[in-house]
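**Q** No letters, just coordinates:
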């Protein structure tokens, strides 16, 4: 899976599942401060990642993710078992 | 001691999604009971149930607020919205004043089963998602609604089986009476799904008159064969009389008596003594003579023994064949953890529209119910004061008396 596909999938679930506005979604958006994604939401993101990208999120690794771009990169690193 | 008044009510039930619809169903004696084939496929003995539709809350509530809400929490959210609107309580009032919430609820089965099934299959709890725990607890309704409405006052759920909703109102009444809180959102909520009643079904307690669902719930009738499970949610907002007058709130009635007791007897079969003491305690608390009661909303669930003992308790306290009695469970089915609260809402509707809703399907009295004045057709009647009883497993009894503020 390439980064563009990852970006599309992530943005889709942010809009559909998390009910964010398309306009809020930029690579530099801060998950907590800009998108109001809080601790409980990360629990749900882990579930969606497993379903959409097929790998299990390690909680501690998620704490380094601050922007959307960090999230895309995190997924790119782990998807396809890499 | 403060006087305690009711300033708003709301309901989401099998006989109507709001007070207007419920009023019409009560007046017409229109049943909310149907047949659900899925129940038979799963293995339940009875396919009968109250029929209710899940509300669609997307757009009304944010995702974060929706995700921890279980089925009965959805119903309670809708009924509470209606009650707050009727009470003329806006969101900023709740944020500027301390208002509490006490709801009756005794189960939250489906979220627990879903979680269990998922963990069994995947052996991984991180797949449950953030809503699961908040949906799974008995206190799911008060937990979620206090967050949604940003409440700052008392906050807990009462579990007392089929008396839960009634005890919730009784406790709210006591706290306000003692001056510990000015406003409390009280109520009762009940999930409606096969899993939540399968153990109950296993006692063979449910009616199996599946050929005509609307006739299956037959409180006090000689041919009754069991109860029909039902549910939804009802909200009753209690306030101190002073607080209500101060903000010019509508006043639907005054709670003047709360009685309670335990049977100290069988876990599922009610006795007569316990309910009698609950009734007497409510009358004593209300400081009124029993002749002042214009209508009794009976607990009567359509079980053989339960209705017998309920009838005998009423006859013992009130004498025979006088105060009009009906069980709205003939129309709604047994709303269980919701019924103590919903039956206050139904009785208030009757009070304010001067009618008694019929105890439908009461065609032939038995040796105990013949002692009562059971109303089986809609009757125009002035109700200034009513009494509502709720009795639950474990022998928990609750009686509430409400008076019109004249």
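**A** Great, that's in hand. Please read all numbers here as calculations on a predicted model, not as lab measurements.
**Q** out of everything not next to it in sequence, what's closest to residue B:159?
**A** Among residues not flanking residue B:159 along the chain, residue B:106 sits closest, at 4.4 Å (CB to CB, 6 or more residues apart in numbering or on different chains). Every residue, glycine included, has its C-beta placed from N, CA and C.
**Q** Quick one, grab the pLDDT at that neighbour.
**A** According to the per-residue confidence, residue B:106 scores 98 in pLDDT.
**Q** wait, what's in contact with it?
**A** B:138, B:159, B:160, B:161, B:164, B:336, B:337 (CB atoms under 8 Å, 6 or more residues apart in numbering or on different chains).
**Q** same thing but 6 Å
**A** By CB atoms under 6 Å, 6 or more residues apart in numbering or on different chains, the contact set of residue B:106 is B:159, B:161, B:164, B:337.
**Q** How about the stretch 101-250 of chain B: which residue is closest to chain A?
**A** Here the residue of the stretch 101-250 of chain B nearest chain A is residue B:130; by CB to the nearest CB that distance is 4.0 Å.
**Q** what would the contacts of residue B:106 look like in CSV with distance to residue B:177, secondary structure and neighbour count?
**A** Compiled in CSV, the contacts of residue B:106 are given as follows (distance: CB to CB, whole Å; DSSP: H, G, I helix; E, B strand; the rest coil; neighbours: other CB atoms under 10 Å in any protein chain shown):
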residue, distance to residue B:177, secondary structure, neighbour count
B:159, 22, coil, 18
B:161, 24, coil, 20
B:164, 20, helix, 31
B:337, 24, helix, 33
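**Q** ok, residues contacting the helix or strand encompassing residue B:283?
**A** Of the helices and strands defined by DSSP states H and E, residue B:283 is found in helix B:273-286. Contacts to helix B:273-286, defined as CB under 6 Å, 6+ apart, come from residues B:256-261, B:263, B:290, B:313, B:316-317, B:391, B:395, B:397, B:399, B:401.
**Q** try 7 Å this time
**A** Taking contacts as CB atoms under 7 Å, 6 or more residues apart in numbering or on different chains, the residues outside helix B:273-286 that touch it are B:256-263, B:265, B:290, B:310, B:313, B:316-317, B:387, B:389, B:391, B:395, B:397-401.
**Q** and that helix, which residues are buried?
**A** Under the neighbour-count criterion of 16 or more other CB atoms under 10 Å in any protein chain shown, helix B:273-286 has B:273-283, B:285-286 buried.
**Q** Against residue B:157, how distant is the residue nearest to residue B:159?
**A** Applying CB to CB, to the nearest Å, the value for residue B:106 to residue B:157 is 9 Å.
**Q** Please apply the same query to residue B:184.
**A** Residue B:184 sits 13 Å away from residue B:157, going by CB to CB.
**Q** Residue A:43 too?
**A** 24 Å.
**Q** re the thing from before, surely the residue of the stretch 101-250 of chain B closest to chain A touches residue A:42?
**A** No: using CB atoms under 7 Å, residue B:130 and residue A:42 do not qualify as a contacting pair, with a distance of 8.4 Å.
**Q** Same question for stretch B:183-198: list its buried residues.
**A** Along stretch B:183-198, these residues count as buried under the neighbour rule (16+ other CB under 10 Å): B:183-198.
**Q** in stretch B:361-374, what's buried?
**A** Going by neighbour count (16+ other CB under 10 Å), the buried part of stretch B:361-374 is B:361, B:362, B:365, B:366, B:368, B:369, B:371, B:372, B:374.
**Q** element containing the residue most central in space within chain A, please.
**A** When chain A is reduced to its mean C-alpha position, the nearest residue by CA atoms, centre = their mean turns out to be residue A:71, at 4.6 Å. In this structure, residue A:71 sits in helix A:68-78 according to DSSP H and E.
**Q** And residue B:256, by the same measure?
**A** Take DSSP H and E as the rule and residue B:256 turns out to sit in strand B:253-262.
**Q** Buried members of the contacts of helix B:273-286 into ChimeraX, please.
**A** This is how ChimeraX selects the buried members of these, with burial counted by 16+ other CB under 10 Å:
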select /B:256,257,258,259,260,261,263,310,313,316,317,387,389,391,395,397,398,399,400,401
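**Q** helices and strands around the worst-scoring helix or strand of chain A on mean pLDDT, which ones?
**A** None of the helices or strands of chain A scores lower by mean pLDDT, DSSP states H and E than helix A:59-62, at a mean of 81. In terms of contacts (3 or more CB pairs under 7 Å, 6 or more residues apart in numbering or on different chains; DSSP states H and E), helix A:59-62 is packed against no helix or strand at all.
**Q** in that helix, what's buried?
**A** Within helix A:59-62, the residues scored as buried using 16+ other CB under 10 Å are residue A:62.
**Q** hang on, the earlier thing: only the buried residues of the helix holding residue A:71, if you could.
**A** A:68, A:70, A:71, A:72, A:74, A:75, A:76, A:78.
**Q** Which residues are in contact with the third one?
**A** Read that as residue A:71. Taking CB under 7 Å, 6+ apart as the criterion, residue A:71 is in contact with A:10, A:31, A:65.
**Q** Of those residues, which is the nearest to residue B:72?
**A** residue A:31 (32.5 Å; CB to CB).
**Q** pretty sure that closest one contacts residue A:37?
**A** Yes: with contact defined as CB under 7 Å, residue A:31 reaches residue A:37; the gap is 4.4 Å.
**Q** what are the ranges of the helices in the stretch 51-200 of chain B?
**A** B:63-67, B:71-86, B:91-96, B:109-122, B:132-136, B:140-148, B:164-177, B:194-201 (DSSP state H, counting those that start in this stretch).
**Q** ugh, typo on my part, it should be chain A
**A** With DSSP state H as the criterion, chain A has helices at A:3-16, A:39-53, A:59-62, A:68-78.
**Q** For my notes, please list these in CSV and give distance to residue B:344 for each entry.
**A** Supplementary listing: the helices of chain A in CSV, determined by distance: least, CB to CB, whole Å:
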stretch, distance to residue B:344
helix A:3-16, 41
helix A:39-53, 35
helix A:59-62, 47
helix A:68-78, 50
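**Q** So which residues on chain A come close to chain B?
**A** Contact residues (CB under 7 Å from any CB of the partner chain) of chain A with chain B: A:18, A:19, A:40, A:41, A:43, A:44, A:46, A:47, A:50.
**Q** Report the two of those residues separated the most.
**A** Between all members of the residues of chain A next to chain B, the longest pairwise span (CB to CB) is found for A:19 and A:50 and amounts to 20.7 Å.
**Q** neighbour count winner among these two?
**A** Comparing residue A:19 with residue A:50 by other CB atoms under 10 Å in any protein chain shown, the one with more neighbours is residue A:50, at 16 against 13.
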